[in-house]
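In: coords below, sequence missing:
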């Protein structure tokens, strides 16, 4: 499968202005985002480092006059295993001189489309409306989500859009804010989550959140539905009541609601609710998925 993906990537990039260049695996230590794997030499006290990426080589190539470079590159990072991290991996590494954002987007779109259809023979989708995924047709441009919208709607700059979970700004319902640095109060509702007898413990664990754990409420019955704000630090505005807020959130018995704050121009990544959304998707992998429209 990897060989097939590499073959498709080469055909796409060779057809444009990219030149495939193989860069060395043994180089001097140039720390990046992780620790390096070191390779000792015969000379005592001297060693090479395996590359985390061909970063310096490709920058030298661009400075020396190449218009575009690419490589099916082996990379090594000495770091803990995570869902998107491993010590050794292969990446399509590319660089272009004087490229505009549109140039980069065009190349990446063509690469992803060609590899995805050529290797897996599966379609790509875009989000439409609140809860649907619509197939991208040949020639369609990838949908774009700017940084501010991603952070305000989903609380992270790389949201999983297969889930329909999003946030509602409820600042207008409350008097003031919990912190002057975080003026926006927002909520996320997990519809029907309480049908599961056991909820994921990490959803409620303070150490799963970077700085501020959201206020999380289980709406177990009508009493909880009408009084869940009693333990929330902000007061409703005098002309509003909890029923109006429940209507805004479409909140009902059996739901879980999380409320937190963020800055008007979000910079935390993820925000507290963004992390809550991540944990909810992990804990309930089959819930709140967008429908595929055929």
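Out: Sure thing, it's come through. These numbers were taken from a predicted model, which means no experiment stands behind them. Numbering: from 1, shown residues only.
In: confirm residue 62 sits in a helix?
Out: Yes. Under DSSP: H, G, I helix; E, B strand; the rest coil, residue 62 sits within a helix.
In: quick check: it vs residue 99, distance?
Out: Residue 62 sits at a distance of 10 Å from residue 99 (criterion: CB to CB, to the nearest Å). Quick note: C-beta positions are derived from backbone N, CA and C, even for glycine.
In: which SSE is residue 259 in?
Out: Assigned by DSSP states H and E, residue 259 belongs to strand 256-262.
In: buried residues in that strand?
Out: Neighbour-count burial for strand 256-262 flags 256, 257, 258, 259, 260, 261, 262 (criterion: 16 or more other CB atoms under 10 Å).
In: ok, stretch 286-294 next?
Out: Applying 16+ other CB under 10 Å to stretch 286-294 flags 287, 288, 290 as buried.
In: so the first one, which of the three states?
Out: Same thing as residue 287. For residue 287, the assignment made with three-state DSSP gives coil.
In: that one is in contact with residue 193, isn't it?
Out: Yes. Using CB atoms under 8 Å as the test, residue 287 is close enough to residue 193 to be in contact (7.4 Å).
In: beta partners of the closest residue to residue 281 other than its chain neighbours?
Out: With CB to CB, 6 or more residues apart in numbering as the criterion, residue 281 has its nearest non-adjacent residue at 5.1 Å, and that residue is residue 163. According to DSSP bridges, the partner residues bridging residue 163 are residue 289.
In: same check, this time on the one 5 residues further on
Out: Beta bridges link residue 168 to residue 187 when assigned by DSSP bridges.
In: that one: what's it in contact with?
Out: By CB atoms under 8 Å, 6 or more residues apart in numbering, residue 168 lies in contact with 186, 187, 188, 189, 248, 249.
In: out of these, which end up buried?
Out: When those are checked for burial by 16+ other CB under 10 Å, the buried set is 186, 187, 188, 189, 249.
In: return the member of these nearest to residue 48.
Out: Closest approach between those and residue 48, by CB to CB: residue 188, at 48.0 Å.
In: my read: the closest one touches residue 163, true?
Out: No. In this structure residue 188 lies outside contact range of residue 163 using CB under 8 Å: 10.9 Å.
In: list residues touching both of the two?
Out: Contact with both residue 188 and residue 163 is made by residues residue 277, according to CB under 8 Å, 6+ apart.
In: return the residues in contact with the most centrally placed residue in the chain.
Out: When CA atoms, centre = their mean is applied to the chain, the residue found nearest the centroid is residue 158 (2.1 Å). Contacts for residue 158 (CB under 8 Å, 6+ apart) come out as residue 150.
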